[in-house]
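In: The sequence isn't on hand, but the structure is:
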C-alpha cells in the first residue's frame with residue numbers, strides 16, 4: 001500500500017514538470033493572495049469583487065495607471081467603486097508584505113488575463129515597483145480610492 005502511494009506521488013511530481021519562472025510565479029502569487037476574492041482567471045464576483053481580466057492591461061498601459069496598481073497592492077483601497085456598471089462597496093487589503101518582485105510578477109500576470117488592449121503593456125519590474133513604493137512612502141487606502149477616482153475621471157481606468 002505504501003509502495004503504491006509513493007509511486008502515485010512520484011508520478012504526480014514528474015507529471016507536474018518544471019514551472020516556467022516568471023509566468024508561473026505570477027500565477028502562484030495570484031493564487032495565494034488574490035484568487036479568493038478575484039476568482040480564477042481574475043473574473044471577480046459581480047457586485048462584490050471587481051473583475052481584473054481585461055481591465056488591468058488597459059490600466060497598466062498608462063504610467064499613472066501603473067503607479068496606481070502598485071499603490072493598490074501596497075496600500076489597499078477602501079470605499080465604493082464602479083466596475084462594469086456595478087457599484088462595489090468594499091475593502092481591498094494592503095499587500096505591503098509582498099516583495100517588489102512578487103508585486104511585479106502578479107501585476108504582470110493579471111495584465112495578461114482577458115483580451116489585451118491595443119498594444120501589449122510592458123511587464124512590471126521589481127525596480128518599477130520599488131520606485132513606486134519609494135515615491136509614496138505614506139498613503140492610506142482612502143488616498144488610493146481618491147487616486148482611483150481621479151484616474152477614472154481621466155478615462156485611464158475602464
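Out: Cool, got the structure. Keep in mind that this is a model prediction, so the values were computed, not measured.
In: who touches the helix or strand containing residue 103?
Out: Element membership for residue 103, per DSSP states H and E: helix 100-111. The contact list for helix 100-111, computed with C-beta atoms under 8 Å, 6 or more residues apart in numbering, reads 22-23, 25-27, 29-30, 33-34, 42, 52-53, 56-57, 60, 69-70, 73-74, 95, 98, 121, 123-130, 133. All C-beta atoms are positioned from the backbone trio N, CA, C, and that covers glycine.
In: my guess is residue 120 meets residue 58, correct?
Out: No: assessed by C-beta atoms under 8 Å, residue 120 is found out of contact with residue 58, at 11.3 Å.
In: who's more crowded, those two?
Out: residue 58 (20 against 12; other C-beta atoms under 10 Å).
In: In contact with residue 84: list those residues for me.
Out: When contacts are counted by C-beta under 8 Å, 6+ apart, residue 84 touches 46, 50, 51.
In: Can you turn the buried subset of those into a selection I can paste into PyMOL?
Out: Selection command for PyMOL covering only the buried members of the contacts of residue 84, criterion 16 or more other C-beta atoms under 10 Å:
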select buried, resi 50+51
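In: Between the contacts of residue 84, which sits nearest residue 150?
Out: Residue 150 lies nearest to residue 50 out of these, by C-beta to C-beta, at 17.3 Å.
In: For the closest residue to that closest one other than its chain neighbours, list each beta-bridge partner.
Out: Nearest residue to residue 50 in three dimensions, chain neighbours excluded: residue 83, at 4.1 Å (C-beta to C-beta, 6 or more residues apart in numbering). Going by DSSP bridges, residue 83 is paired in beta bridges with residue 86.
In: Let me know whether residue 83 touches residue 52 as I believe.
Out: No: assessed by C-beta under 8 Å, residue 83 is found out of contact with residue 52, at 9.5 Å.
In: And those two? Which one has more around it.
Out: residue 52 (26 against 18).
In: helix/strand/coil for the more buried one?
Out: The three-state assignment at residue 52 reads coil, by DSSP: H, G, I helix; E, B strand; the rest coil.
In: circling back: what about the helix holding residue 103, distance to the chain center?
Out: Distance, stretch centre to chain centre, for helix 100-111: 6 Å (C-alpha atoms, centre = their mean, to the nearest Å).
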